[in-house]
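Colleague: one predicted model, sequence on top.
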Amino acid sequence: MIDIRLIRTNPEQVKENIKKKFQDEKLVLVDEVLALDKQLREAIAQGDALRNKRNVVSKQIGALMGQGKKAEAEAAKAEVAAIGPQMAEWKEKQDTLSAQIRERMLVIPNIIDDSVPIGKDDSENVEVERFGEPVVPEFEVPYHIDIMERLNGVDLDSARKTSGNGFYYLKGDVARLHSAILSYARDFMIDRGFTYYVPPFMIRSSVVTGVMSFAEMENMMYKIEGEDLYLIGTSEHSMIGKFIDTILAPQELPQALTSYSPCFRKEVGAHGIEERGVYRIHQFEKQEMVVVCQPEESMDWFHKLYGYTVEFFRSLDIPVRTLECCSGDLADLKVKSIDVEAWSPRQQKYFEVGSCSNLGDAQARRLGIRVKGEKGTYFPHTLNNTVVAPPRMLIAFLENNLQADGTIRIPEPLRMYMGGKDRLGQ
């Protein structure tokens, strides 16, 4: 959510930003906010005038009584009593107008960074850099589920019976590999100074609307029937939410946190759920990074965060590239975003395994997260980034570490988490 003062002082900048995101249907919202804001300020002025009048008349009552002017005092009391309902009416109007303004402000997209490439959708995202040499082996690389089944490491049929498509059982060495990757990711981030968390896996609606747009919520979140609780789609939701209505001191920043959680997603949209695979699914686990920092430090943190993901994947011998999201592919709260994509030898192309986002002060403004410094109170910036999200990452791991004899090489950093094994499938 942007600062309403920007709409008051520079509505054309807000409209131009909407056009850059190819959301022209939202242009009318800027004018609606301006009109409602004018009405709100008038309502506030009317309420303040009545409050001042009530205070003045109330003070007169005691003086009139002291002067023995009982009739005038009673008239003043009646006037004060009559002002009360009028003030209540103006207060109700203020609340209604404030709610109407907030409803529109939550839909107006955040101002994107000047460096973001302009494009309509993800087909116009821009490659930034490649790390590691993508290799296509001379032998055939099977589909990832076939690799897992050869290792006796996955059971999709049973999961379909218990839960439907988009779920899975991992077992044996593949399940152990899954946990090993998460454990390594946890320690990898702790070693870089991040504080480790295991957060709540359900959050209230006030947190949901604070951390994401309505469109994202509708397409992602599972609602707990009969309760004001949603299953998290990522631990970022809980981790940013933990600061709701908090006033931080400058010396408490930056907050660099890494969190583990299961993630639950509807995955509504064009991509759909895979019939046979673990790339796009309803349930997975993830290690996340979250940073709350000073506004002037957020772009430095942004580059550091996705750099950690690149470093993590390269430590496991997986080639990756970074891809900058264009304006039309940015979610409404994001200022700038870069995806990390891993190389798939089977498909001979890169696919997304993580996303790093700078949200500016949008989440902090929605959630009431503030910093109180010497020069006043202001909103910090928030960022999030995926360290690793298996089982999707397992696809890249299995394909890139598959050997000609069908075994899977275990890179050195993972061996301590795999009981010393250096190979699977022997």
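Modeller: Structure's in. What do you need?
Colleague: hey, where'd the helices end up in the stretch 251-400 of the chain?
Modeller: 298-315, 362-367, 392-400 (DSSP state H, counting those that start in this stretch).
Colleague: where do the strands sit along the stretch 301-426 of the chain?
Modeller: Listed in chain order, the strands of the stretch 301-426 of the chain (DSSP state E, counting those that start in this stretch) span 320-324, 336-344, 349-358, 370-373, 376-378, 381-388, 408-409, 423-424.
Colleague: just the mean pLDDT for the fourth one, thanks.
Modeller: Within the predicted structure, the mean pLDDT of strand 370-373 is 95.
Colleague: report all helices and strands that that strand contacts.
Modeller: strand 247-248, strand 376-378 (3 or more C-beta pairs under 8 Å, 6 or more residues apart in numbering; DSSP states H and E). Every C-beta, even on glycine, is put in place using the N, C-alpha and C of the backbone.
Colleague: and the shortest one, what does it pack onto?
Modeller: Just to be clear, that refers to strand 247-248. Strand 247-248 packs on strand 370-373, going by 3+ C-beta pairs under 8 Å, 6+ apart.
Colleague: pairing partners for the strand it packs on, with directions?
Modeller: Counting by DSSP bridges, the strands paired with strand 370-373 are strand 247-248 (parallel), strand 376-378 (antiparallel).
Colleague: show residues contacting that strand.
Modeller: Under the contact criterion C-beta atoms under 8 Å, 6 or more residues apart in numbering, strand 370-373 has outside partners 246-250, 253, 294, 364, 377-380.
Colleague: drop anything exposed from those residues.
Modeller: Listed as buried from those are 248, 253, 294, 364, 379-380; burial here means 16 or more other C-beta atoms under 10 Å.
Colleague: ok, those vs Phe284, which is closest?
Modeller: Phe284 lies nearest to Ala364 out of these, by C-beta to C-beta, at 27.5 Å.
Colleague: thought that closest one was touching Thr382?
Modeller: Yes. Using C-beta atoms under 8 Å, Ala364 is in contact with Thr382, at 5.9 Å.
Colleague: any residues in contact with both of the two?
Modeller: Residues touching both Ala364 and Thr382 (C-beta under 8 Å, 6+ apart): Val292.
Colleague: for this structure, which spans come out with low pLDDT?
Modeller: Within the chain, the ranges that satisfy pLDDT under 70 run 214, 268-275.
Colleague: any idea which helix or strand comes after the helix ranked longest in it?
Modeller: As assigned by DSSP state H, the longest helix anywhere in the chain is helix 27-66. As assigned by DSSP states H and E, the chain's next helix or strand after helix 27-66 is helix 70-105.
Colleague: now do that following helix: which elements does it pack against?
Modeller: Counting by 3+ C-beta pairs under 8 Å, 6+ apart, helix 70-105 packs on helix 27-66.
Colleague: contacts only, for Gly376.
Modeller: Gly376 neighbours (C-beta under 8 Å, 6+ apart): none.
Colleague: nope, Gly406 is what I was after
Modeller: By C-beta under 8 Å, 6+ apart, Gly406 lies in contact with 150, 425.
Colleague: with Thr309 instead?
Modeller: By C-beta under 8 Å, 6+ apart, the residues touching Thr309 are 320, 340, 354, 356, 385-388.
Colleague: could those go into CSV alongside neighbour count and distance to Asp31?
Modeller: Compiled in CSV, the contacts of Thr309 are given as follows (neighbours: other C-beta atoms under 10 Å; distance: C-beta to C-beta, whole Å):
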residue, neighbour count, distance to Asp31
Val320, 25, 44
Val340, 25, 39
Gly354, 29, 39
Cys356, 26, 34
Asn385, 26, 36
Thr386, 26, 38
Val387, 26, 43
Val388, 27, 45
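Colleague: Pro319 and Glu129 touch, don't they?
Modeller: No. With contact defined as C-beta under 8 Å, Pro319 does not count as touching Glu129 (11.7 Å).
Colleague: and those two? Which one has more around it.
Modeller: Neighbours per residue, other C-beta atoms under 10 Å: of Pro319 and Glu129, the larger number sits with Pro319, 20 against 11.
Colleague: how about the more buried one, phi and psi?
Modeller: Phi and psi for Pro319, reported as degrees, to the nearest 10, are phi -70, psi 140.
Colleague: distance of it relative to Val126?
Modeller: 19 Å (C-beta to C-beta, to the nearest Å).
Colleague: out of the helices of the stretch 251-400 of the chain, nearest to Asp37?
Modeller: Here helix 362-367 is closest among those (C-beta to C-beta), at 15.9 Å.
Colleague: against which helices or strands is the closest one packed?
Modeller: Counting by 3+ C-beta pairs under 8 Å, 6+ apart, helix 362-367 packs on helix 205-211, helix 235-241, strand 381-388.
Colleague: okay, it in PDB with CA atoms only?
Modeller: Output in PDB follows, covering the C-alpha atoms of helix 362-367 (Å, rounded to 0.1, in the frame of the first residue of the first chain):
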ATOM      1  CA  ALA A 362       4.100  -1.700   1.500                       C
ATOM      2  CA  GLN A 363       3.800  -4.600   4.000                       C
ATOM      3  CA  ALA A 364       5.000  -2.400   6.900                       C
ATOM      4  CA  ARG A 365       2.400   0.300   6.100                       C
ATOM      5  CA  ARG A 366      -0.400  -2.300   5.900                       C
ATOM      6  CA  LEU A 367       0.600  -4.100   9.100                       C
END
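Colleague: show residues contacting it.
Modeller: Under C-beta under 8 Å, 6+ apart, the answer for helix 362-367 is 1-3, 106, 110, 207, 209-211, 240-241, 243-245, 292, 333-335, 369-370, 379-382.
Colleague: chain center to that helix: distance?
Modeller: Averaged C-alpha coordinates place helix 362-367 at 11 Å from its chain's average position (C-alpha atoms, centre = their mean, to the nearest Å).
Colleague: flag every buried residue along it.
Modeller: Buried residues in helix 362-367 (16+ other C-beta under 10 Å): 362-367.
Colleague: how about the nearest residue to Gln47, chain neighbours excluded?
Modeller: One thing to correct before we go on: residue 47 is Gly, not Gln. Trp90 (4.1 Å; C-beta to C-beta, 6 or more residues apart in numbering).
Colleague: am I right that the one you found is in contact with Asp48?
Modeller: No. At 9.1 Å, Trp90 does not count as touching Asp48 under the criterion of C-beta under 8 Å.
Colleague: which of the two has more neighbours?
Modeller: Remark: of Trp90 and Asp48, Trp90 carries more neighbours, 20 against 12, as counted by other C-beta under 10 Å.
Colleague: show residues contacting stretch 187-196.
Modeller: Residues outside stretch 187-196 that contact it (C-beta under 8 Å, 6+ apart): 186, 255-260, 287, 289, 308, 312, 315, 387.
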